[in-house]
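Novice: I'd like to go over a predicted model; first the sequence, then the structure.
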Amino acid sequence: MGRGNDAIPTWSGFNYQGKMMLLYVLELINQIAKDKNKDIDAYSVELEKTEDFCIICDSEYKSFHQVKAYLSKDKWNSYSKAMDKLLKHRAESNNPTAKCYLTVAKEIKDWADASNTYNVSVELYKRASKVVGVCDVRNEIDTEILAYLKSRGYSDKAEEIVYGELCLFLDDSIARMHNQDSKKRKYIIKFSDIVGIMESAIDKEDVRKEYFLKEKIYEYVMQNIEKALNNLCQDECDTSLENCNRICAAKCGYEKMTEIVDYGQFCKLLNPGKVDEWDNELNLVENLSVDKIQSEIYELLYRSDTPEKVMGDNCGIYLQSKYSQAPSKQVIPTFLDLTRGARKERALQSIFQNIINNTDIIDILAGNSITVIPGSYSGTLSQAQITSGWKNSSPNKVGEYYRDIELISAQELKEKFEQNGGNHD
């Protein structure tokens, strides 16, 4: 799914792109505070109008930034399109000498090679001589917040409150932009507003519960999807993720997952048969294991052998496939486990009823195929048994299945990929 310049709906304080913008802006705020000749009120950040973000001072562009969370690309020429875009927009701006930054989540091994002529005009954004990975950005933001607090004589105990309020402020700002007509939309956030949020947060004793849950989910998801992908690389390619340069659908799935905005919704999509108690952190740990991410997401995508068919949006990932009989021709990988329902009609119907009652995600599932784990210790359900049970689950069907949602055995789908040489048309 392609996107134009306006990608405001994909922005968030709880994904890599949004956090990298916050990191760079905080870094600048601390630098500006040390320079008596600079005024914080003159600075602002522009989101997704020209580039992923741009820094503006006194109405003049000072820097242009592209942010990419690719894991399968470690060569400079993989980013040439993004860098061409940076240089083009700089040339067309009111300041052709502005800086251009490429921000990536994985080291580019040949960045300094003579063949890379871009490195004269484009700077690779680094902290302490290293790029900032998706699991590292929180610590880097903490460093800048602590520097801000120290420079003003505040206690470092306020760091977590400030961090949470900044992430929520970015979320709220994006929500307001999204509700505006694109032609009238204000893409600008003033540095002074960000400073104001930090100052306000310092005076608060508590930060909203929403932040703590969202951040716990972000950290847990990032750690587990990276661990699971590393395990897959070891199993399939006999190497670590860091040393695996193969481009595959599993890595593409990882990259799509780093762009998700609502990881709480993502966890619910992976567990469509679970309805309640998602505000309990223990439920998150139980329902997002490394093993299941590897077996039910990465292995399915890897066997599809079609990275170009892996899609994503604000809350999930999808695999386009001819094997989907749903209207969208898309498959949503899930952890829906029919083990306890295998050969037990009543238990199976209870699981299916939970899907129907899951109002938080049913509109997202509608019109798509979703994978299911067909069972193990008490017997394995065939695709025909799964289909029959699901068809009989509700008299209020829309289309052939309830809400045109097709259930597909993940096991049989993998077998079809192997027989067909992948998920090719």
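Specialist: All right, it came through fine.

Novice: Show me how this protein divides into domains.
Specialist: What automatic domain parsing lists as the domains of the chain is 8-202, 248-420.

Novice: List the buried residues of stretch 369-378.
Specialist: For stretch 369-378, a neighbour-count test (16 or more other CB atoms under 10 Å) marks Ser369, Ile370, Thr371, Val372, Ile373, Pro374, Gly375 as buried. From N, CA and C alone the C-beta is placed, and that goes for glycine too.

Novice: Output the domains of the chain in JSON lines, with mean pLDDT appended to each entry.
Specialist: Listed next are those as JSON lines, based on pLDDT from 0 to 100:
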{"stretch": "domain 8-202", "mean pLDDT": "91"}
{"stretch": "domain 248-420", "mean pLDDT": "87"}
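
Novice: Reformat the ones you listed as JSON lines; add distance to Ile225.
Specialist: Listed next are the domains of the chain as JSON lines, based on distance: least, CB to CB, whole Å:
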{"stretch": "domain 8-202", "distance to Ile225": "9"}
{"stretch": "domain 248-420", "distance to Ile225": "5"}
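
Novice: Figure out which of the ones you listed is closest to Leu232.
Specialist: Leu232 lies closest to domain 248-420 among these, at 4.6 Å (CB to CB).

Novice: Give me the distance between the two termini of that closest one.
Specialist: 17 Å (CA to CA, to the nearest Å).

Novice: now stretch 146-160
Specialist: Across stretch 146-160, the terminal residues are separated by 10 Å (CA to CA).

Novice: closest to Arg152 among the buried residues of stretch 369-378?
Specialist: Ile370 (50.5 Å).

Novice: From Met311, how far off is that closest one?
Specialist: 15 Å (CB to CB, to the nearest Å).

Novice: Buried residues, the helix ranked longest in the chain. List them.
Specialist: Longest helix of the chain, by residue count under DSSP state H: helix 209-232. Buried residues in helix 209-232, defined by neighbour count with 16+ other CB under 10 Å: 211, 213-215, 217-218, 220-222, 224-232.

Novice: Okay, and the beta partners of the nearest residue to Tyr79 once chain neighbours are set aside?
Specialist: In this structure, Tyr79 finds its nearest non-sequential neighbour in Leu102, 6.0 Å apart by CB to CB, 6 or more residues apart in numbering. Counting by DSSP bridges, Leu102 is bridged to Gln66, Leu124.

Novice: Tell me the secondary structure of Glu27, please.
Specialist: The three-state label given to Glu27 by DSSP: H, G, I helix; E, B strand; the rest coil is helix.

Novice: which ones are touching the nearest residue to it once chain neighbours are set aside?
Specialist: Spatial nearest neighbour of Glu27, excluding adjacent residues (CB to CB, 6+ apart): Glu144 at 5.6 Å. Residues in contact with Glu144 (CB atoms under 8 Å, 6 or more residues apart in numbering) are Leu23, Leu26, Glu27, Ile29, Asn30.

Novice: now, which of those sits nearest Arg152?
Specialist: For the contacts of Glu144, the nearest to Arg152 is Asn30 (10.6 Å; CB to CB).

Novice: Does Gln325 touch Leu407 like I think?
Specialist: No - the pair Gln325 / Leu407 is not scored as a contact, 10.4 Å apart, by CB atoms under 8 Å.

Novice: hey, what's in contact with both of the two?
Specialist: Common neighbours of Gln325 and Leu407 (criterion: CB under 8 Å, 6+ apart): Ser369.

Novice: can you list the contacts of Glu144 in JSON lines and add distance to Glu92 and neighbour count?
Specialist: Below are the contacts of Glu144 laid out as JSON lines (distance: CB to CB, whole Å; neighbours: other CB atoms under 10 Å):
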{"residue": "Leu23", "distance to Glu92": "27", "neighbour count": "23"}
{"residue": "Leu26", "distance to Glu92": "28", "neighbour count": "25"}
{"residue": "Glu27", "distance to Glu92": "26", "neighbour count": "17"}
{"residue": "Ile29", "distance to Glu92": "28", "neighbour count": "19"}
{"residue": "Asn30", "distance to Glu92": "30", "neighbour count": "16"}
